[in-house]
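**Q** return atomic coordinates for the entry below.
(2 chains)
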Amino acid sequence: QAGLTQPPSVSKDLRQTATLTCTGNNNNVGDQGASWLQQHQGRPPKLLSYRDNNRPSGISERFSASRSGHTASLTISGLQPEDEADYYCSAWDSSLGVWVFGGGTKLTVL
Amino acid sequence: EVQLVESGGNLVQPGGSLRLSCTASGFVFSSFAMAWVRQAPGRGLEWVLHIDSSGNIIYSADFVKGRFTISRDNAKSALYLQMSSLRAEDTAVYYCTRETMVTTGGFDPWGQGTLVTVSS
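**A** Down below sits the predicted model:
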């Protein structure tokens, strides 16, 4: 089961904007949309958005998700030190009947 | 408060078996699909198994290949993962997680995880 493709790392300066990408295919991201998770070291993942750009309650508006075709994006504006974490995308693959995850992007806030 | 608490992780020898449990609270357990997701040390997230709210529909990752089974007891608000024929590569933190109310929307929240170590 091929996973979703994410860049391994992204580095941005404090207070800048970071855009993370997640590429799948027409059966997963392109069909069902993607969700985004944030994971700090030693902590469980936390859902940031689902079905492209729906934020659970309590998630900052600085986190904004979108999708174009079979590529999903997570934009984090006004980067803060606490945004330094691993970010994962996931999607349901309607053709294979499986959940797929991206390999994760490590975001460093300089 | 919505909470998921895993238990049962342990050190087990290759070829051995283990049963993980996840106790849910703070929501109507029987209304939500659930899943197990694992994370090997220093690696990314890997989906394992998914079960619908009634326990009748199960989806599994290819690597499970009949070694792992997922089940639930809605009366006890509990989710289970029975693992057998364990291999070193099954060593990971195993998370219990709830699917969003929007089907195939994602997973939220996640438990703290329970560590399974497969080693002789």
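
**Q** ok, the closest residue to residue B:9 other than its chain neighbours to residue A:23 distance?
**A** Excluding the flanking residues, the one nearest residue B:9 by C-beta to C-beta, 6 or more residues apart in numbering or on different chains is residue B:114, at 3.3 Å. (Each C-beta comes from the backbone N, C-alpha and C, glycine too.) Separation of residue B:114 from residue A:23 (C-beta to C-beta, to the nearest Å) stands at 32 Å.

**Q** more neighbours: the two, which one.
**A** Between residue B:114 and residue A:23, counting by other C-beta atoms under 10 Å in any protein chain shown, residue B:114 is the more crowded of the two (21 against 18).

**Q** wait, that one sits on residue B:83?
**A** No: if you go by C-beta atoms under 8 Å, residue B:114 and residue B:83 don't touch, sitting 11.5 Å apart.

**Q** quick one: common contacting residues for those two?
**A** Common neighbours of residue B:114 and residue B:83 (criterion: C-beta atoms under 8 Å, 6 or more residues apart in numbering or on different chains): residue B:20.

**Q** and the contacts of the helix or strand where residue B:95 lies?
**A** For residue B:95, the element it lies in under DSSP states H and E is strand B:92-99. Residues outside strand B:92-99 that contact it (C-beta under 8 Å, 6+ apart) are A:44-45, B:2, B:4, B:6, B:9, B:20, B:22, B:24, B:27, B:32-41, B:43, B:46, B:48, B:50, B:79, B:81, B:105-111, B:113-116.

**Q** what do you get if the cut-off is 6 Å, keeping everything else the same?
**A** If you take C-beta atoms under 6 Å, 6 or more residues apart in numbering or on different chains as the criterion, strand B:92-99 is touched by A:44, B:4, B:6, B:20, B:22, B:32-40, B:79, B:107, B:110-111, B:113-116.

**Q** next secondary structure element downstream of it?
**A** Next along from strand B:92-99, by DSSP H and E: strand B:107-110.

**Q** that following strand pairs with which strands?
**A** When pairs are called by DSSP bridges, strand B:107-110 turns out to pair with strand B:92-99 (antiparallel).

**Q** got the contact list for the residue of chain A found nearest chain B?
**A** Minimum separation of chain A from chain B (C-beta to the nearest C-beta) falls at residue A:35, amounting to 2.9 Å. Residue A:35 sits next to A:50, A:90, B:106 when contact means C-beta under 6 Å, 6+ apart.

**Q** packing partners of the worst-scoring helix or strand of chain A on mean pLDDT?
**A** The least trusted helix or strand in chain A, going by mean pLDDT, DSSP states H and E, turns out to be helix A:29-32, with a mean of 91. Judged by 3 or more C-beta pairs under 6 Å, 6 or more residues apart in numbering or on different chains; DSSP states H and E, the packing partners of helix A:29-32 are strand A:85-93.

**Q** excluding its backbone neighbours, what's nearest residue 16?
**A** With no chain named, the answer covers chain A. residue A:79 (5.4 Å).

**Q** wrong one, I was asking about chain B
**A** residue B:86 (5.3 Å).

**Q** next up, the contacts around that neighbour.
**A** B:12, B:16, B:118.

**Q** try it again at 10 Å.
**A** Residues near residue B:86 by C-beta atoms under 10 Å, 6 or more residues apart in numbering or on different chains: B:12-18, B:67-68, B:116-119.

**Q** quick one: which of these sit in strands?
**A** Judged by DSSP state E, strands contain the following of the contacts of residue B:86: B:12, B:18, B:68, B:116, B:117, B:118.
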